[in-house]
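Please work out how this folds:
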Amino acid sequence: MKNFKALGLILLALLIGLAAAAYATGWVSRQAGIASNKVVVAAVDIELGTRINAEMLSTLDWPSAAVPPGAFIDAKDLQDRIAKVGILRGEPLIERKLAPLGTLGGLSAVIAEGKRAMTVRVNDVVGVAGFALPGNYVDVMVNAQQDKDGAEEGKQISITVLERVLVLAVAQEAGRDDTKPKVVSAVTLELSPEDSEKLDLARSVGTLSLVLRNQVDQKTVATAGITKTELFGTPKKPAPKPAVAVKRRVAAAPRPLAARRTCVEVIQHGASTLSCF
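Down below sits the predicted model:
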């Protein structure tokens with residue numbers, strides 16, 4: 001009885017093994033029938049602004065139905081092209097990740113069309129403690145003295161002048177794969193021509209500060225800025241003192257002096273008389 005059970009288990013195991021082998025053979029044959037193309041991929045990590053050469057590339061079989069639009073099949077077509085964004089190892093190279101033909105290498109190759117690159121001096125506080133890295137977005141604030149309004153003294157104000165500005169580089173580095181804070185003395189920002197003028201004026205009239213913002217936050221918030229009076233509150237004016245009635249003493253008009261009179265004593269017949277006139 002035990003022998004029959006053992007033989008049954010052996011036969012069942014053989015059937016399961018044969019079924020698995022048949023399924024694996026069919027799967028391999030189906031995979032072999034899938035059409036594939038050679039696609040050029042990065043053999044190493046390529047930083048933005050880098051001039052590409054053959055040593056940085058390799059080819060990889062890619063399913064024909066899943067080839068990315070703009071992919072390259074020949075590495076020769078990528079010789080001396082400039083990477084516009086960072087490309088990771090094993091990632092296919094496509095046209096939209098590259099600067100136009102004839103573009104020279106460096107930071108100028110990654111500036112978007114119609115934009116300008118402008119560098120501002122920062123310190124460990126203004127530079128958001130080194131967390132404003134290439135690829136991040138920041139707002140720019142200025143603290144300055146307002147112009148005088150007539151006889152009124154100009155107020156100290158802090159206001160956001162630019163929002164969602166792309167950081168292209170910190171110091172002389174444009175790599176975007178570094179997540180560690182890096183305190184530098186200068187930050188290069190990507191700006192429109194109009195925003196470049198605003199930033200140039202702002203840094204000449206006051207002190208700049210960078211405000212780091214979320215990568216996916218695209219909302220703009222219009223603010224009127226804040227002055228010292230608004231920050232600390234309007235000081236209370238002292239209550240006016242009650243008016244005190246002051247009695248004024250009016251001097252009495254001087255009495256007119258008595259008119260001086262001339263008197264003459266007349267003696268006649270032994271009698272004396274006084275006549276005044």
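
all strands of the chain, in order?
36-42, 57-63, 116-121, 137-145, 156-170, 186-191, 206-213, 226-227, 263-268, 271-276 (DSSP state E).

Name every strand pairing with the fourth one and say which way it goes.
Just to be clear, that refers to strand 137-145. If you go by DSSP bridges, strand 137-145 pairs up with strand 156-170 (antiparallel), strand 206-213 (antiparallel).

Please point out which parts of the first one sit buried.
With burial defined by 16 or more other Cβ atoms under 10 Å, the residues of strand 156-170 counted as buried are 157-163, 165-170. To be clear about C-beta, it is placed using only N, CA and C from the backbone, and glycine gets the same treatment.

which regions of the stretch 101-250 of the chain sit below the pLDDT cut-off?
105, 124, 149-153, 172-180, 234-250 (pLDDT under 70).

about what we covered before: want to throw the strands paired with strand 137-145 into CSV with distance to Asn123?
Listed next are those as CSV, based on distance: least, Cβ to Cβ, whole Å:
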stretch, distance to Asn123
strand 156-170, 13
strand 206-213, 10
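
for these, which one sits closest to Phe232?
Among the strands paired with strand 137-145, strand 156-170 comes nearest to Phe232, with 11.2 Å by Cβ to Cβ.

Check the offset of the closest one from the chain's centre.
4 Å (Cα atoms, centre = their mean, to the nearest Å).

That one relative to strand 186-191, how many degrees between them?
90 degrees (axes from the mean of the first three to the mean of the last three Cα atoms, to 10 degrees).

Give the closest residue to Asn53 in space, chain neighbours not counted.
Nearest non-adjacent residue to Asn53, counting by Cβ to Cβ, 6 or more residues apart in numbering: Gln79, 6.6 Å away.

Show the contacting residues for that neighbour.
Contacts for Gln79 (Cβ atoms under 8 Å, 6 or more residues apart in numbering) come out as 52-54.

Let's have those residues in JSON lines, adding pLDDT.
Below are the contacts of Gln79 laid out as JSON lines (pLDDT from 0 to 100):
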{"residue": "Ile52", "pLDDT": "89"}
{"residue": "Asn53", "pLDDT": "89"}
{"residue": "Ala54", "pLDDT": "88"}
